[in-house]
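In: Pasting the sequence and the predicted model now:
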Amino acid sequence: MNIPNFLSLLRIILVPVIVIFLIQNEYAKALIAFFVAGLTDALDGALARLLKKQTELGAFLDPLADKILLSTSFISLSIFGLIPGWLTVIVISRDLIILIGIITLTMLSVTYEIKPVFVSKITTALQIGTVFISLSLKIFAYNEISYDLIKILFWLTAFFTVISGLVYILKGIKFLNRTSEK
């Protein structure tokens, strides 16, 4: 177990902590826990590259931790009315479609390499920002301008989530086509 992998595991461990704070209406504590989880996301990849500690486990754990953190956050915040349900459906659907694609490629014994594409990095940043700002607006007083800005953020997040999902679908189709041509 190296430091980057530990940070990914810490992110997974923080997920129930965040949900418990939300259930208890402790939004400031939930925001702090989410912020720490976000820091682990930034640090684990950077440290893995810097320390040359990139592992297969880390390549699996990091995106898994991201999916667990973001899916749980979106579902919870949607239930509490801080994020619109339609946005949560888009975020979860994209991840499920990607997961189904991976399972399909694996079942068909198609060799593939999962590398995050640039648009997916933007998507993850927007999704993290959406959760962070939604929690922040629950804690701090906001005005009508803040509400308009968060609506723009919701739509940007939805747009990039859909685009990145389509990019991964096209990549999956290319993997399948390459296999059928052989």
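Out: Okay, I see it.

In: what residues are up against G101?
Out: By C-beta atoms under 8 Å, 6 or more residues apart in numbering, the residues touching G101 are Y168, I169, G172. (C-beta placed from N, C-alpha, C; glycine too.)

In: now with 10 Å?
Out: Applying C-beta atoms under 10 Å, 6 or more residues apart in numbering, we find G101 in contact with Y112, I114, G165, Y168, I169, K171, G172, I173, F175, L176.

In: Dump those to TSV, plus neighbour count and distance to I139.
Out: TSV is the format used below for the contacts of G101 (neighbours: other C-beta atoms under 10 Å; distance: C-beta to C-beta, whole Å):
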residue	neighbour count	distance to I139
Y112	16	42
I114	14	36
G165	22	31
Y168	21	34
I169	14	37
K171	18	39
G172	19	40
I173	11	43
F175	18	44
L176	16	46
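
In: Out of those, which one has the lowest pLDDT?
Out: Across the set of the contacts of G101, I114 stands lowest in pLDDT, at 73.

In: returning to that earlier point: which one of the contacts of G101 is nearest to K52?
Out: I114 (20.6 Å; C-beta to C-beta).

In: Distance from the helix or strand that contains A33 to the middle of the chain?
Out: Per DSSP states H and E: A33 is located in helix 27-50. Mean-position distance between helix 27-50 and its chain equals 12 Å (C-alpha atoms, centre = their mean, to the nearest Å).

In: before we move on, what about stretch 70-87?
Out: The answer for stretch 70-87 is 13 Å, by C-alpha atoms, centre = their mean.

In: residues of that stretch that come out buried?
Out: With burial defined by 16 or more other C-beta atoms under 10 Å, the residues of stretch 70-87 counted as buried are 70-78, 80, 82-83, 87.

In: How about stretch 154-171?
Out: F154, T157, A158, F160, T161, I163, S164, G165, Y168, K171.

In: Kindly report the same for stretch 27-39.
Out: Residues of stretch 27-39 classed as buried: Y27, K29, A30, L31, A33, F34, A37, G38 (neighbour count, 16+ other C-beta under 10 Å).
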